[in-house]
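Chemist: One predicted model, sequence on top.
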Amino acid sequence: MTSYLVITLLGNDRPGLVNSIADIIAKHGGNWLESRMSRLAGQFAGIARIECPPEAVSALLLELQAPGIPGLTIQAVHENAVETLPRRTVVVDVVGNDRPGIVRELTAAIAYAGGNVEELTTGLESAPMSGHPMFRAHGIVSIAENTETDILTTAIESLGGDLTVDLSI
């Protein structure tokens, strides 16, 4: 039987950082299944799902969490898959004027509509003519299989007339 772990990584970015982690995982017979990684303001942030033999989990966790990789914080948990009701995913794109609290408002609207954020990328870009900051979000949201996408669109659009919402299945 195989053990599955989800690890989070946060620290100062540098060349070879991900390779250092991959070496440790491979050394313990682990397999890197999937991950999301990003560099923000000189910091590296990532989350990865790995599998490894059950007898190697303790040693792997010990080495990952040891101060062997300077400036990097790693946390790991055993994967706990939970059976859920059938869901489908929707791609959500939102553009509008930036304002404090917009991510909180957006995620509250998604939750209100019964959605679950599976992935979310947000950022600012300059408006073409005026140059003022425009908020942009791109994400994947899961909703109950029998939920109409209009419910999600309406919940997000209710945040203000300046938001453009595009959903695709």
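Modeler: Yep, it's here. Numbering: from 1, shown residues only.
Chemist: Where do the domain boundaries of the protein fall?
Modeler: 3-78, 87-168 (automatic domain parsing).
Chemist: what about the shortest one, average pLDDT?
Modeler: Rounded to a whole number, the mean pLDDT of domain 3-78 is 90.
Chemist: helix or strand for the most centrally placed residue in the chain, which one?
Modeler: Taking Cα atoms, centre = their mean, the centroid of the chain lies closest to Glu119, which sits 4.7 Å from it. Using DSSP states H and E, Glu119 sits in strand 116-126.
Chemist: List the strands paired with that strand, with their directions.
Modeler: strand 133-144 (antiparallel) (DSSP bridges).
Chemist: got the phi/psi numbers for the closest residue to Ser38 other than its chain neighbours?
Modeler: Nearest in space to Ser38, with sequence neighbours left out and distances taken as Cβ to Cβ, 6 or more residues apart in numbering, is Ala45 at 5.5 Å. Just so you know, the C-beta spots here come from the backbone N, C-alpha and C atoms, and that holds for glycine as well. Here is the backbone geometry of Ala45 (degrees, to the nearest 10): phi -130, psi 140.
Chemist: ranges for the helices of this protein?
Modeler: Taking DSSP state H, the helices of the chain run over residues 17-27, 57-65, 102-112, 149-157.
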